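Trainee: return atomic coordinates for the entry below.
(chains A and B)
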Number of protein chains: 2
Amino acid sequence: LVIVGGDDSNTNACVMAEYYVAKGEPLKVIGVPKTIDGDLKNKYIETSFGFDTATKVYSELIGNVARDANSSRKYYHFIKLMGRTASHITLECALQTHPNIALIGEEAAAKKQTLRDIVEYIVCIVVRRSALGKNFGIVLIPEGIIEFLPDIKGLIKELNALLATASEQFVTLHTDEDRIRFVSERLSPEAKQVFCMLPREIQAQLLLDRDPHGNVQVSRIESEKLIAQLVERRLKELKSQGKFNGKFSSMCHFFGYEGRSCQPTNFDADYCYSLGYCAAALLAAGKTGYIANIRGLNKPASEWQAGGVPLTAMLNIEFRKGKNVPVIKKALVDLNGKPFAEFAVNRERWALEECYLYPGPIQYFGPPEVCDRPPRTLELELG
Amino acid sequence: LVIVGGDDSNTNACVMAEYYVAKGEPLKVIGVPKTIDGDLKNKYIETSFGFDTATKVYSELIGNVARDANSSRKYYHFIKLMGRTASHITLECALQTHPNIALIGEEAAAKKQTLRDIVEYIVCIVVRRSALGKNFGIVLIPEGIIEFLPDIKGLIKELNALLATASEQFVTLHTDEDRIRFVSERLSPEAKQVFCMLPREIQAQLLLDRDPHGNVQVSRIESEKLIAQLVERRLKELKSQGKFNGKFSSMCHFFGYEGRSCQPTNFDADYCYSLGYCAAALLAAGKTGYIANIRGLNKPASEWQAGGVPLTAMLNIEFRKGKNVPVIKKALVDLNGKPFAEFAVNRERWALEECYLYPGPIQYFGPPEVCDRPPRTLELELG
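Mentor: Residues are numbered from 1 along each chain as shown, chains lettered A, B, ... in the order given. All right, here's what the predicted structure looks like:
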């Protein structure tokens, strides 16, 4: 049995392998690392397949939008990129396209940034660009950013508790206005401040769209629109105070599904072929509970080294649903790693100048440096 | 002077050329056909540059989303495509990708379809697909569809008149509820029925976002979301009547800016090079008031024929701002043409089966049949 998937699927592969060994069953289980999110990665696994293809599709589109922005000079494009709990995709796309702004969820969490901090950071760059006569730009936003922010986390926690205890009263309220007022009156001062900062339709959305457990669905919030709206509102304030005299128009995008099922890049096709071959070889050798791994992915495919690693080597103990369980840890963006450092050292210049790169469409026929290139983050990590 | 643009820019090129001739000035003016919308097209101009590139980028993305839909089998993807007044882009993308549903604005207008008709058409296919166990699909929607529908046109006209005459009273209303009620009470029964059919946030949007002349901005309506919501609402009704027992989840996309400033396809690069050469040759020959034209675009580039056509040959008299003026006519999708016929004869099968094509990324190095292919509509028109 070959299980192809991310951290959870490979954790399950490990559990199943152990189970069949314990039962004395001959079934062998081998895992293969697959996720566009890029978060199944550790000292054994250099990357997962899918990540290169998805980020190259998104980077092509970001480059196109950047060229359009730089030509029409009218809009700030707020582009949300897939990847819920980790910002690998955004970091890779930022390195491939050099946007004016890219938010990294892990950094926001590490610095305990609030939604207001994020908005102020963007506003500051908009104002500085405007002083240079540039009322346009590219902003990359990782899908999960909102959930990383401590103030939003606090608000959501209070809302969930409030809606659970006051649900009988709450369901009798029939207009958005009534629901919003009801909630505002009952939140703590800190949470109330955050809630009141949100645009009205986001407030309404939070109170209406709840999951089957009655919890607020923060993932449903269109964070790119929320952030764009808050930036706009703040710029209006600054304008009325005479601190901003530029123009600001935003355009929102979400690049997600269009990067999940595309023709694979040569890198991913080679990598996937190698992983499949490797998984078959591990099974043929009678191994179970291993994950196929290929090393040296920054070199040409002919020099890659295939092998297998026991899945147990990747397990960490995490506390889930009230129990300590061994799971493969999701890799977050390493704020001390070389890819983030490359981004951090350049972002100030990218913010004010137009250093946009336009990677163009994925190519299959042509020179290897065009067609076979690995992800930029991988080059930096291994190079 | 070479003017590169669509119908309006080339009309202006014509007017300028006449002006300089009349003044006895030596300045020569030559036009070049450029628009992704595909609506500068007539018996002299086979296509405009930009159309092939944009539609190939969109078709790649539609193909990717279709593969994802066919794999996860969970969502209806409602994909809005750029192109305000004509549906050429949607038709070309439909021919390149074979979606389950593609709406063509010109057909809706010709058949005097209402918003309800459009919704019923989609609902009917969703129900039939559901009976086959398929609760997923791809729906293409041209950006301007809403404005083609006679019922929406009527509503907008009444709203504009109402908001102009009752503006003093209207501005005193401070909640969406009040504004919606105020308007509902004053519309004609027909318009009221259409207005009441719209989801609440669209009603609110229509009444809030108005242009500097106080007119309702119908182009701001997110028509893909509107249609998806109305389909969902109708399916809920059918479910409660026991006429539908499938699942329906929608996902909305807008593919626009990412197709406007991309690396050109080989077809567009060759075409553009030829147009530039041709424009220069026309100027060198002392011509003015001509548009560069290249013929035989369905053949290999080496067989194309370059020439020039007097812009006056393309002028039609249109009534604009109270005056009859000569302008180049926007080409609409020809419902009697071969591309539409190809679509119409296949759409029933595409609706129920998964005939999706996945064109993949634009290629530059490789066999001409992969790299140099003209738009499908052009092949059908000229072939």
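Trainee: which residues in the stretch 101-250 of chain A form helices?
Mentor: Using DSSP state H, counting those that start in this stretch, the helices of the stretch 101-250 of chain A run over A:105-110, A:115-131, A:145-148, A:150-165, A:167-170, A:176-186, A:189-197, A:200-208, A:223-240.
Trainee: just give me the neighbour total for the closest residue to chain B within the stretch 201-350 of chain A.
Mentor: Per CB to the nearest CB, residue A:261 is where the stretch 201-350 of chain A lies closest to chain B, at 3.8 Å. C-betas here are computed from N, CA, C, even on glycine. The number of residues packed near residue A:261 is 23, by other CB atoms under 10 Å in any protein chain shown.
Trainee: for it, what are phi and psi?
Mentor: When quoted as degrees, to the nearest 10, the phi and psi of residue A:261 stand at phi -130, psi 40.
Trainee: list the contacts for it?
Mentor: Contacts for residue A:261 (CB atoms under 8 Å, 6 or more residues apart in numbering or on different chains) come out as B:64-65, B:67-68, B:71.
Trainee: what's the distance between it and residue B:358?
Mentor: Distance, residue A:261 to residue B:358, using CB to CB, to the nearest Å: 8 Å.
Trainee: please identify every residue contacting each of those two.
Mentor: Common neighbours of residue A:261 and residue B:358, using CB under 8 Å, 6+ apart, are B:64, B:67.
Trainee: how close does the nearest residue to residue A:235 once chain neighbours are set aside get to residue A:232?
Mentor: Setting aside the residues directly before and after it, residue A:235 is nearest to residue A:248 in space (CB to CB, 6 or more residues apart in numbering or on different chains), at 5.0 Å. Residue A:248 sits 6 Å away from residue A:232, going by CB to CB.
Trainee: do the same with residue A:213
Mentor: From residue A:213 to residue A:232 the distance is 34 Å (CB to CB).
Trainee: quick one: the strands in the stretch 1-150 of chain A?
Mentor: With strands called from DSSP state E, counting those that start in this stretch, the stretch 1-150 of chain A shows them at A:2-5, A:30-33, A:76-81, A:101-102, A:137-142.
Trainee: now for residue A:52, how many residues are close by?
Mentor: 28.
Trainee: gap between it and residue A:371?
Mentor: Noted for residue A:52: a distance of 12 Å to residue A:371, by CB to CB.
Trainee: could you do residue A:251 as well?
Mentor: Distance, residue A:251 to residue A:371, using CB to CB: 32 Å.
Trainee: re earlier: now do the contacts for the residue nearest to residue A:235.
Mentor: With contact set as CB under 8 Å, 6+ apart, residue A:248 has these partners: A:76, A:126, A:130, A:135, A:231-232, A:235.
Trainee: mean pLDDT for the helices of the stretch 101-250 of chain A - can I get that in JSON lines?
Mentor: Listed next are these as JSON lines, based on pLDDT from 0 to 100:
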{"stretch": "helix A:105-110", "mean pLDDT": "96"}
{"stretch": "helix A:115-131", "mean pLDDT": "97"}
{"stretch": "helix A:145-148", "mean pLDDT": "90"}
{"stretch": "helix A:150-165", "mean pLDDT": "91"}
{"stretch": "helix A:167-170", "mean pLDDT": "84"}
{"stretch": "helix A:176-186", "mean pLDDT": "90"}
{"stretch": "helix A:189-197", "mean pLDDT": "94"}
{"stretch": "helix A:200-208", "mean pLDDT": "85"}
{"stretch": "helix A:223-240", "mean pLDDT": "96"}
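Trainee: any chance of those in CSV, plus mean neighbour count?
Mentor: Below are the helices of the stretch 101-250 of chain A laid out as CSV (neighbours: other CB atoms under 10 Å in any protein chain shown):
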stretch, mean neighbour count
helix A:105-110, 20
helix A:115-131, 19
helix A:145-148, 23
helix A:150-165, 17
helix A:167-170, 12
helix A:176-186, 16
helix A:189-197, 16
helix A:200-208, 18
helix A:223-240, 18
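Trainee: spell out which parts of the stretch 101-250 of chain A neighbour chain B.
Mentor: Residues of the stretch 101-250 of chain A lying close to chain B (CB under 8 Å from any CB of the partner chain) are A:175, A:177, A:201.
Trainee: tell me which of those is nearest to residue A:306?
Mentor: Residue A:306 has its nearest neighbour among these in residue A:201, at 51.7 Å by CB to CB.
Trainee: how is chain A partitioned into domains?
Mentor: Domain ranges of chain A: A:1-50+A:264-332, A:53-259, per automatic domain parsing.
Trainee: pull up the distance across the longest one, start to finish.
Mentor: Distance across domain A:53-259, first residue to last, is 7 Å (CA to CA, to the nearest Å).
Trainee: and the first one, by the same measure?
Mentor: Taking CA to CA, the span from the opening residue of domain A:1-50+A:264-332 to its closing residue is 29 Å.
Trainee: surely residue A:326 touches residue A:314?
Mentor: No - counting by CB atoms under 8 Å, residue A:326 stays clear of residue A:314, with 9.5 Å between them.
Trainee: so the two - more neighbours on which side?
Mentor: residue A:314 (22 against 15).
Trainee: list the contacts of the closest residue in space to that one that isn't next to it in sequence.
Mentor: Spatial nearest neighbour of residue A:314, chain neighbours left out: residue A:328 (4.8 Å); criterion: CB to CB, 6+ apart. By CB under 8 Å, 6+ apart, the residues touching residue A:328 are A:7-8, A:10-11, A:14, A:40, A:42, A:311, A:314-316.
Trainee: and if you look at residue A:138?
Mentor: By CB under 8 Å, 6+ apart, the contact set of residue A:138 is A:62, A:65-66, A:69, A:76-77, A:79, A:97, A:99-101, A:356.
Trainee: 10 Å instead, please
Mentor: A:62-63, A:65-66, A:68-70, A:75-79, A:94, A:97-102, A:350, A:354, A:356 (CB atoms under 10 Å, 6 or more residues apart in numbering or on different chains).
Trainee: so which of these are in helices?
Mentor: Judged by DSSP state H, the contacts of residue A:138 include A:62-63, A:65-66, A:68-70, A:94, A:97, A:350 as members of helices.
Trainee: between these, which sits nearest residue B:120?
Mentor: Checking the ones in helices among the contacts of residue A:138 one by one against residue B:120 (CB to CB), the nearest turns out to be residue A:65, at 35.6 Å.
Trainee: can you list contacts of stretch A:12-22?
Mentor: With contacts defined as CB under 10 Å, 6+ apart, stretch A:12-22 is touched by A:1-5, A:25-32, A:287-291, A:310-315, A:325-328.
Trainee: tell me, how many residues neighbour the residue nearest to residue A:167 when sequence neighbours are not counted?
Mentor: Take residue A:167 and drop its neighbours on the chain: the residue closest to it by CB to CB, 6+ apart is residue A:214, 6.8 Å away. Applying other CB under 10 Å, we find 11 residues neighbouring residue A:214.
Trainee: so who does residue A:214 touch?
Mentor: A:160, A:163-164, A:167, A:170.
Trainee: what do you get for residue A:83?
Mentor: Counting by CB under 10 Å, 6+ apart, residue A:83 touches A:35-39, A:51, A:54-55, A:58, A:89-93, A:105, A:142-145, A:256, A:333.
Trainee: can we see that at 8 Å?
Mentor: Taking CB under 8 Å, 6+ apart, one finds A:36-39, A:89-90, A:142-144 in contact with residue A:83.
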